[in-house]
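Undergrad: just a sequence and a predicted model for now, questions to come.
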Amino acid sequence: MLYKRIIYRVNPSNASQCAQFLNDHFIPIQIKNGAKLIGQWQDESNKEIMAVWEYPNMDEYIKIEKRVYKEKQKIEELKKHYLDCKEDFLSSTGTYESPKHTVSVSGFITNDNNEVLLVKTFWRSDTWELPGGGVDEGETLDKALCREIFEETGVHVRLHGVTGVYSNGSVVSIVFRGEYSGGNLTTSNETKEVAFVKINEFNFADYIKRPKFKPRVLDALKGDYVPYEAFKVRPYELLARFEGN
């Protein structure tokens, strides 16, 4: 792994505004383009804010940085909040955390015309894909997917069950089947195109270009889905259950 440390030197009276801008704008840009935030800290004097980022390797870091710096307006706005900044790279001396997985969800969503909701994102513009995203801490899978789909497409959905679970070792992806229930199609700061598309097992590859996405769409096209249940404990409460078919 490759680690990058950024130290922002700030005017103490502007420290909170700088931290807020980083949280609201700069950090989300980095994360959506593939960087992983280890943490961000502010010293007691309010003169420095330090962030540490993780990347798989130098090649991936360069690719991520190129994508990040397409957001030139936000980068220029950030510079107004600090006096100067220092960047350097760190090497880990060992592994000290328990293994962790990232959980993502996506939805095979159809409308009354049996068309499937697809999106094209800014950072994967070579392919269409099912809408979805990461699950926030404490969030159930179904709520996360409904939130992500609405944020990306402006559409409200009703979910029915799970069509497949996929893992690449560090990311577990769960695909749900569901249907359109309201809203108007609209793009977002993540999606450059959104559309309901008539796809089937013969033409889906014209839209779904990346190999890891193809089995998810093919499995969902079969129309089979299994039950899903969300609950909380202490005390136990059933939050949602989809029976499958």
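TA: Looks like it arrived, so ask away.
Undergrad: check contacts around residue 56.
TA: The contact partners of residue 56, taken as Cβ atoms under 8 Å, 6 or more residues apart in numbering, are 1, 2. Just so you know, the C-beta spots here come from the backbone N, C-alpha and C atoms, and that holds for glycine as well.
Undergrad: how much space between it and residue 1?
TA: As judged by Cβ to Cβ, to the nearest Å, residue 56 and residue 1 stand 7 Å apart.
Undergrad: scan the protein for its longest helix.
TA: In the chain, taking DSSP state H as the definition, the longest helix is helix 141-153.
Undergrad: what is the orientation angle of the helix or strand that that one is followed by with helix 141-153?
TA: Scanning the chain past helix 141-153 towards its C-terminal end, the next helix or strand to appear is strand 155-167 (assignment: DSSP states H and E). Note on geometry: by axes from the mean of the first three to the mean of the last three Cα atoms, to 10 degrees, strand 155-167 and helix 141-153 are set 120 degrees apart in direction.
Undergrad: what's strand 155-167 packed up against?
TA: Applying 3 or more Cβ pairs under 8 Å, 6 or more residues apart in numbering; DSSP states H and E, one finds that strand 155-167 contacts strand 102-110, helix 141-153, strand 171-183, helix 214-221, strand 228-232, strand 237-242.
Undergrad: with only the CA atoms kept, save the last one in PDB.
TA: Yep, that's strand 237-242 we're talking about. What follows is strand 237-242 as a C-alpha-only set of coordinates in PDB (Å, rounded to 0.1, in the frame of the first residue of the first chain):
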ATOM      1  CA  GLU A 237     -37.100  -5.300  15.700                       C
ATOM      2  CA  LEU A 238     -37.800  -6.400  12.200                       C
ATOM      3  CA  LEU A 239     -37.100  -3.400   9.900                       C
ATOM      4  CA  ALA A 240     -37.800  -4.900   6.500                       C
ATOM      5  CA  ARG A 241     -38.300  -8.300   4.800                       C
ATOM      6  CA  PHE A 242     -38.600  -9.100   1.100                       C
END
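Undergrad: list the residues that contact residue 24.
TA: Going by Cβ under 8 Å, 6+ apart, residue 24 touches no other residue.
Undergrad: tell me the secondary structure for the residue of the chain most remote from its centre?
TA: No residue in the chain sits farther from the centre than residue 45, which is 34.0 Å out by Cα atoms, centre = their mean. With DSSP: H, G, I helix; E, B strand; the rest coil as the basis, the three-state label of residue 45 is coil.
Undergrad: the nearest residue to it once chain neighbours are set aside and residue 85: what is the separation?
TA: In space, and not counting its chain neighbours, residue 45 is closest to residue 12: 6.7 Å by Cβ to Cβ, 6 or more residues apart in numbering. Summarising the geometry, the distance separating residue 12 from residue 85, computed by Cβ to Cβ, is 16 Å.
Undergrad: the two: who's more crowded?
TA: residue 85 (16 against 11; other Cβ atoms under 10 Å).
Undergrad: which strands and helices sit next to the helix or strand harbouring the more buried one?
TA: Following DSSP H and E, the helix or strand that holds residue 85 is strand 84-90. Contact analysis of strand 84-90 by 3+ Cβ pairs under 8 Å, 6+ apart lists strand 2-9 as its packing neighbours.
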